[in-house]
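K.L.:
Provided below are the primary sequence and the corresponding predicted coordinates.
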Amino acid sequence: MELAHANRVATMGQLSGSIAHEINQPIAAVIANANAGLRWLGARPPELAQVRQTLARIVRDGTRAGEVIGRIRALVKKVPPRRELLDINEALREVISLTQAELQRNGVRLQTRLSVGLPLVPGDRVQLQQVMVNLIVNAVEAMSDANDGPRELTIGAGADDPNDVFVEVQDTGPGLDPAKLDRLFQSFYTTKPDGMGMGLAISRSIVEAHGGRLSATRNEPHGAVFRFTLPIEDFPKV
Amino acid sequence: LPRKTVIAIVDDDQSVREALTSLVRSLGYVAVAFECAEDLLKSKRRRNASCMIADVQMPGMTGIELHNRLAASGEPIPTILITAFPDARSRERALQAGVIGYLTKPFSEDDLLACIRSSLKPGEAGDKSP
């Protein structure tokens, strides 16, 4: 899993702007609240109710910044694989919040279709979130390379089958070359000028280690759909 | 009493929106906050705004697009753009489009105040700060 870790660190590097955005937002709020609090305190008479509100918001926003950092640390830290029961929607929401600024910067419109009440899935949160980040980053890159046309990313989670849940990442990029479909998940296969060709290979091996499947199909009318399933029941050791 | 100066705030981030609203009010202005550009465009209250503090990256219309849209409609509002994801290209585009300021989050109160003051027309009620 050395390569998987290297891939995680590299991907986080790609997302550094987006991550800085996620941390700078609550910090900006903390500073503005603190400035406001000082002013309310200096008013004659001091506006204590306002001061109290600004302090409560500082606590909330500071906690939020800490949580973002915690999520990033969890993703880049080298940790042994561990199983836990995961709420797939929650894991997806965390990943989406880390990639949100990247989407906006690239003019990508996001639609989420997360089914409610999905069963918990046994798995390694960090590894599965790595798969999600890889798929999202790939989709955004594919759409940014294509100059025209809509840039729409649809992220879905659901359960078609009583035995597993699925996650789907759908883009409106140039799509997949059917002739090269089977090479897509091979190591060192890449269509990006600066790509390592490891993201999808690692993603597939992570999903398979969880007893699931990762596949790619064409999106109609254009683009690609990457979908992975995860069994609800226990899976072979990761 | 002179009418209080109204400042519009447009940011999709709730924390930033609430903090800016409080800060702008503590400075002695009236704050009207919107979650997105589209909400500001729909609102009649924007007509009273002497200046607008808008986030650059928002779902839907961006802060720069909002500024340009208002300018094209003949009802421009002096704009201060704020962003947690600064990049040289968007900054250049924003300044070319005639925004008053382009501030990177987190920004200092002094920088924000300087932008607000330079956006107000002579005669508009100023802030309470010394």
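P.N.:
Noted; the coordinates are in hand. Residues are numbered from 1 along each chain as shown, chains lettered A, B, ... in the order given.
K.L.:
so, low pLDDT: which residues of chain B?
P.N.:
By pLDDT under 70, the low-scoring segments of chain B are B:1-2, B:125, B:128-130.
K.L.:
so after the strand ranked longest in chain A, what's the next helix or strand?
P.N.:
Longest strand of chain A, by residue count under DSSP state E: strand A:152-161. Per DSSP states H and E, the first helix or strand lying C-terminal to strand A:152-161 is strand A:164-170.
K.L.:
which elements pack onto that following strand?
P.N.:
helix A:88-105, helix A:125-145, strand A:152-161, strand A:224-231 (3 or more Cβ pairs under 8 Å, 6 or more residues apart in numbering or on different chains; DSSP states H and E). Every residue, glycine included, has its C-beta placed from N, CA and C.
K.L.:
mean neighbour count and distance to B:Asn48 added to these, as a markdown table?
P.N.:
Converted to a markdown table, the helices and strands packed on strand A:164-170 look like this (neighbours: other Cβ atoms under 10 Å in any protein chain shown; distance: least, Cβ to Cβ, whole Å):
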| stretch | mean neighbour count | distance to B:Asn48 |
| --- | --- | --- |
| helix A:88-105 | 20 | 29 |
| helix A:125-145 | 22 | 39 |
| strand A:152-161 | 18 | 36 |
| strand A:224-231 | 21 | 48 |
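K.L.:
among those, which is nearest B:Ile80?
P.N.:
helix A:88-105 (19.2 Å; Cβ to Cβ).
K.L.:
give me the angle between that closest one and strand A:164-170.
P.N.:
0 degrees (axes from the mean of the first three to the mean of the last three Cα atoms, to 10 degrees).
K.L.:
ok, helix A:88-105 near chain B or not?
P.N.:
Yes - judged by Cβ under 8 Å from any Cβ of the partner chain, helix A:88-105 comes into contact with chain B at A:Ala101, A:Gln104, A:Arg105.
K.L.:
nearest to chain B, of those?
P.N.:
Nearest to chain B out of the residues of helix A:88-105 next to chain B is A:Gln104 (Cβ to the nearest Cβ; 4.1 Å).
K.L.:
who are the contact partners of that closest one?
P.N.:
By Cβ atoms under 8 Å, 6 or more residues apart in numbering or on different chains, the contact set of A:Gln104 is B:Gln57, B:Met58, B:Pro59, B:Thr62, B:Phe85.
K.L.:
how close does the fourth one sit to chain A?
P.N.:
Look at B:Thr62 and chain A: by Cβ to the nearest Cβ, to the nearest Å, they are 8 Å apart.
K.L.:
thinking again about what came up before, make a markdown table from the residues of helix A:88-105 next to chain B and add pLDDT and distance to A:Thr154 to it.
P.N.:
Listed next are those as a markdown table, based on pLDDT from 0 to 100; distance: Cβ to Cβ, whole Å:
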| residue | pLDDT | distance to A:Thr154 |
| --- | --- | --- |
| A:Ala101 | 86 | 19 |
| A:Gln104 | 86 | 16 |
| A:Arg105 | 83 | 19 |
